[in-house]
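**Q** fold the following, please.
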Amino acid sequence: MYKDDIQKLIIQSPLEIDTEIQMSGRPPTMANSEFLTNREQGDWAEQIVSKAINEYVDDYFSVEYGRTESIAAGDNDFAQFYKDYQDELNSIGKRPDLLVFKDSDFSDKNVDIENDEHIRKAVAAIEIRSSSFLVNKYSAFMDKRQSEAIAECAQIRKDIISGPLGDLLKRKNKTIYSLIENATDETFRELDFRRPSWSLTQELRDLTEFLKALKENIKILHKRDYLSITPKLEDIALVNRWIHNYNVRHYYLQVFFDKAYVISFKDILSLVCDEDNEGRIFSIERDVKNQRKTTIKVNVQIGKEILGRIDMPKHRSAMKELDRGRLLFYVTFDGGKGYLDKEIFMRDIINA
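**A** I've put the predicted structure just below:
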């Protein structure tokens with residue numbers, strides 16, 4: 001069964017995944033503008049995907065399943081809402097945002113999302129993530145940055161090795177000299193050396209500056225240069241709990257403002273089980289935007305481009321007034337359209 005395959009991959013995973021995790025803690029006391037904007041963007045992304053499925057796919061339909069309440073920290077009933085949500089995570093796990101059903105299983109598409117037997121009839125569960133990037137522009141920028149850094153490394157290598165500074169470096173540090181001499185455009189990112197701080201003569205100072213510039217460009221080559229699909233470590237356990245309860249195939253779908261990519265939860269777990277993939281097609285990070293929670297960042301290009309085009313939505317300013325009189329200003333999104341690749345949807349989700 002699907003849920004057993006997922007459980008096996010979690011057991012094999014080098015990550016420390018606590019499948020018995022229980023969510024607890026005090027609710028946040030105050031929302032902020034960034035949170036409200038992110039929530040609005042996430043809601044828009046869900047609608048884009050759901051509408052695309054229902055417009056482009058025959059015989060299947062999408063239903064919104066994740067929590068949709070607009071309540072936020074600072075509202076009167078938020079503490080109880082937060083407790084109820086924690087209780088739900090601890091019992092059934094993390095609900096995916098969308099469920100996909102077969103038309104023939106329901107007359108008039110009349111799905112009761114609180115009915116467990118209805119939920120178990122879903123053919124796919126989709127977790128929607130949104131990101132404020134344009135994929136094409138990001139890729140072009142990163143390709144240019146990488147190319148420029150490689151060109152700089154090649155020029156520095158030439159300036160050092162082919163001139164008098166090469167003999168000086170060879171006398172001072174044969175190891176660094178050998179690394180630079182044998183480096184190529186394909187291997188510059190693999191160079192690793194401790195930059196010396198020679199300064200006795202002008203030549204030594206010049207050599208030190210060249211090595212400093214080389215290190216700086218190598219640092220650029222080491223930076224992650226891909227957009228990612230980003231499941232948090234604690235979410236893996238909570239998604240697994242939901243799968244254990246309902247045995248429905250689960251997918252992550254990352255929505256950008258020009259296209260979207262999908263990858264199966266099973267494939268994410270499989271990728272992470274192979275340590276050779278780390279640093280190449282996924283990374284493990286703890287960044288501020290995810291509350292420093294351990295997050296797996298999988299290269300979106302490993303996934304499938306399921307929405308090859310998205311029309312930009314309209315956006316406008318909105319305001320929320322909190323009980324004590326504080327005003328929060330944020331952005332809302334309306335309209336836009338996603339163009340679904342039906343072949344990928346059927347092959348990689350429905351018939352996977």
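**Q** going forward, measure contacts between C-alpha atoms and count neighbours the same way
**A** Noted.
**Q** let me know the pLDDT of residue 289.
**A** Confidence at residue 289, expressed as pLDDT, is 60.
**Q** okay, now residue 27: neighbour count?
**A** 15 (other C-alpha atoms under 10 Å).
**Q** how near is it to residue 80?
**A** Residue 27 is 9 Å from residue 80, where distance means C-alpha to C-alpha, to the nearest Å.
**Q** which residues in the chain form helices?
**A** 2-12, 33-56, 78-91, 116-119, 135-161, 164-172, 174-182, 202-222, 233-246, 265-273, 342-345 (DSSP state H).
**Q** quick one: buried residues of the last one?
**A** Going back to what we said before, that points to helix 342-345. Residues of helix 342-345 classed as buried: 342, 344-345 (neighbour count, 16 or more other C-alpha atoms under 10 Å).
**Q** nearest to residue 200, of these?
**A** residue 344 (63.3 Å; C-alpha to C-alpha).
**Q** gap between the closest residue to that closest one other than its chain neighbours and residue 255?
**A** Nearest residue to residue 344 in three dimensions, chain neighbours excluded: residue 306, at 6.2 Å (C-alpha to C-alpha, 6 or more residues apart in numbering). Going from residue 306 to residue 255 by C-alpha to C-alpha gives 10 Å.
**Q** now residue 94
**A** Distance check for residue 94 against residue 255: by C-alpha to C-alpha, it reads 19 Å.
**Q** dihedrals phi and psi, the nearest residue to residue 79 once chain neighbours are set aside?
**A** Of all residues not flanking residue 79 in the chain, residue 27 sits nearest, at 6.1 Å (C-alpha to C-alpha, 6+ apart). Dihedral pair for residue 27: phi -70, psi 150, per degrees, to the nearest 10.
**Q** comparing the helices of the chain, which comes out most buried?
**A** helix 233-246 (a mean of 21; mean count of other C-alpha atoms under 10 Å).
**Q** show me where pLDDT drops low in the stretch 1-150 of the chain?
**A** Scanning the stretch 1-150 of the chain for pLDDT under 70 picks out nothing.
**Q** let's see 80
**A** Low-confidence segments of the stretch 1-150 of the chain, defined by pLDDT under 80: 29-30, 67-76.
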